[in-house]
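K.L.:
Have a look at this fold, sequence not included:
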């Protein structure tokens, strides 16, 4: 039995016109398609640290658009910032200080006891660290501890 082929999708008159119109030239002169240089990275970090807008930052980087600057910063540079030990310790102290309040909020939002919220957070932290805290499915029935007979 031969398979029926679906007819090609119908195009609207507007989409047909759009295909026939010449493409608009890019608003940025000579868009760069090259790798970002360390100098560009440093300039973006510096300017963004001063609160500059993406549009203004892109004007300082020939061939780079505001969108490409923002995406490059968010996807590569923002995550690169190193945390010194003092900053890590401060975060740890703040976490310990506000953990009860955080757990109460999570528990209320999720409608679960706060200890359950704490257990979920601990499992999530272990998962992020690549640690499997326990797994009953990996234990064979014969390997389980049996009471003495």
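P.N.:
Thanks, I have it. Predicted, not measured: the structure shown is a model, and the values here were computed from it.
K.L.:
Where does pLDDT dip in this protein?
P.N.:
Low-confidence segments of the chain (pLDDT under 70): 1-32, 79-82, 131-149.
K.L.:
Burial check on residue 125, number of neighbours?
P.N.:
11 (other CB atoms under 10 Å). In short, each C-beta sits where N, CA and C put it, glycine included.
K.L.:
repeat for residue 40
P.N.:
Burial of residue 40 is recorded as 21 neighbouring residues (other CB under 10 Å).
K.L.:
Which strand or helix spans it?
P.N.:
Per DSSP states H and E, residue 40 falls inside helix 38-49.
K.L.:
so after that helix, what's the next helix or strand?
P.N.:
Next in sequence after helix 38-49, counting helices and strands by DSSP H and E, comes helix 54-59.
K.L.:
buried stuff in that following helix?
P.N.:
54, 57, 58 (16 or more other CB atoms under 10 Å).
K.L.:
ok, now which ones touch the closest residue in space to the first one that isn't next to it in sequence?
P.N.:
Of all residues beyond its chain neighbours, the one nearest residue 54 is residue 66 (4.0 Å), with distances taken as CB to CB, 6 or more residues apart in numbering. Residue 66 makes contact with 53, 54, 55, 57, 58 under the criterion CB atoms under 8 Å, 6 or more residues apart in numbering.
K.L.:
Okay then, goodbye and thanks.
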